[in-house]
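S.K.: dropping the sequence and predicted coords here.
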Amino acid sequence: MTNTQNKLQAVLFDVDGTLADTEQDGHRLAFNAAFKQFNLNWNWDIDLYSELLQVTGGKERIRYYIERYVPATLNKSDLTDWIISLHKTKTKYFESLMETGSIPLRPGVARLIHELRQEKIKLAIATTTTMENVTALLKSTLGEESIGWFDVIGAGDIVPMKKPAPDIYQWVLDQLKLTAQQCIAIEDSENGLKSALAANLPTLITVSGYTRLQDFNGAVAVLSDLGEPFQPFTQIKSMTTLDKEWVDYRFLSGLLR
């Protein structure tokens, strides 16, 4: 059993790839739409986007692409402001995609969030995506009021260093006024895992299409998804014996033992 000091008090969720498979058919399409509006002949196909996902943060991803594939663009005198403008346009397209409801939450996400609220467990978000993107996803999947369900939302440029740096998780923990040992992070990527572990957070991984072959050494468990009573998860790796087939409050509490 967990002692009082280490009893689960909060769950910290990543967003893209963790709450929903937003990357391939969400962010990628929004980037391409923004490029078209800016009269750019850039196209981020599925394979290229897989490479670009190694860079966290949309603006940082654009700059990396420019440096690697279209270096002549580096000569723009207002490059930083131009990237910011391009990324804002991309965000608007992403919000529009979310409003159509075309990207659902991953298995078990909605159920787990509702169960944690019933158990009075604090909910938080720690992500490199923008607050606008977080809001659009939550409202389109969980309803207008769902933003208020989260005690803390750490998003976008609220900290200087993005994942795999621990800054965003440390910021969220500070806001929650909890220790890392009282919380658990749920992530889908190697960069996200590195970020959470650097903040000393026990971390559960639910792999996504783009991340399933990444290195998740150090995670308390690696699963296909959060599972449902009628749709069990597939266990990929675990540091402990798992006695359930879907992730709920009792399951998460057991990971803190």
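M.R.: That came through, no problem.

S.K.: ok, residues contacting stretch 62-72?
M.R.: 31, 42, 44, 52, 55, 73-74, 79, 83, 86-87 (CB atoms under 8 Å, 6 or more residues apart in numbering). No exception for glycine: its C-beta is placed from N, CA and C like everyone else's.

S.K.: most neighbours among the residues you listed, which one?
M.R.: Phe31 (25 neighbours; other CB atoms under 10 Å).

S.K.: that's a helix at it, yeah?
M.R.: Yes: under DSSP: H, G, I helix; E, B strand; the rest coil, Phe31 falls within a helix.

S.K.: ok, it - contacts?
M.R.: For Phe31, the contacting residues are 44, 58, 62, 90, by CB under 8 Å, 6+ apart.

S.K.: can you rerun that using 10 Å?
M.R.: By CB atoms under 10 Å, 6 or more residues apart in numbering, Phe31 lies in contact with 42-44, 49, 52, 58, 61-62, 65, 86-87, 89-90, 93-94.

S.K.: and if you look at Ser224?
M.R.: Applying CB under 10 Å, 6+ apart to Ser224 gives the contacts 106-107, 206-208, 212, 231-236.

S.K.: now find how far off-centre the helix ranked longest in the chain is within its chain.
M.R.: As assigned by DSSP state H, the longest helix anywhere in the chain is helix 79-99. Between the centre of helix 79-99 and the centre of its chain there are 18 Å (CA atoms, centre = their mean, to the nearest Å).

S.K.: repeat for stretch 170-190
M.R.: Relative to its chain's centre, stretch 170-190 lies at 13 Å (CA atoms, centre = their mean).

S.K.: how about it: buried residues?
M.R.: By neighbour count with 16 or more other CB atoms under 10 Å, stretch 170-190 contains the buried residues 170-173, 176, 178, 180-190.

S.K.: tell me which of these fall in helices.
M.R.: In helices, defined here by DSSP H, the members of the buried residues of stretch 170-190 are 170-173, 176, 190.

S.K.: picking up where we left off before, in PyMOL, select just the buried ones from the contacts of Ser224.
M.R.: Filtering the contacts of Ser224 down to the buried ones (16+ other CB under 10 Å) takes a single PyMOL command:
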select buried, resi 106+107+206+207+208+232+233
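
S.K.: closest one of the contacts of Ser224 to Gln118?
M.R.: Nearest to Gln118 among these, counting by CB to CB, is Pro107 at 19.2 Å.

S.K.: quick check: that closest one touching Glu245?
M.R.: No: counting by CB atoms under 10 Å, Pro107 does not reach Glu245; the two are 11.7 Å apart.

S.K.: biggest separation within the ones in helices among the buried residues of stretch 170-190, which pair?
M.R.: Leu176 and Glu190 (24.5 Å).

S.K.: isn't Asp25 right up against Asn32?
M.R.: No: using CB under 10 Å, Asp25 is not in contact with Asn32, being 11.2 Å away.

S.K.: and those two? which has more neighbours close in?
M.R.: Between Asp25 and Asn32, Asn32 has the larger neighbour count (other CB under 10 Å), namely 18 against 14.

S.K.: OK, contacts around the more buried one?
M.R.: 40, 42-45, 49, 90, 93.

S.K.: write down the beta-bridge partners of the nearest residue to Asp151 once chain neighbours are set aside, one by one.
M.R.: Distances taken as CB to CB, 6 or more residues apart in numbering place Lys122 nearest to Asp151, at 4.5 Å, with adjacent residues excluded. Note on Lys122: beta-bridge partners by DSSP bridges are Ala10.
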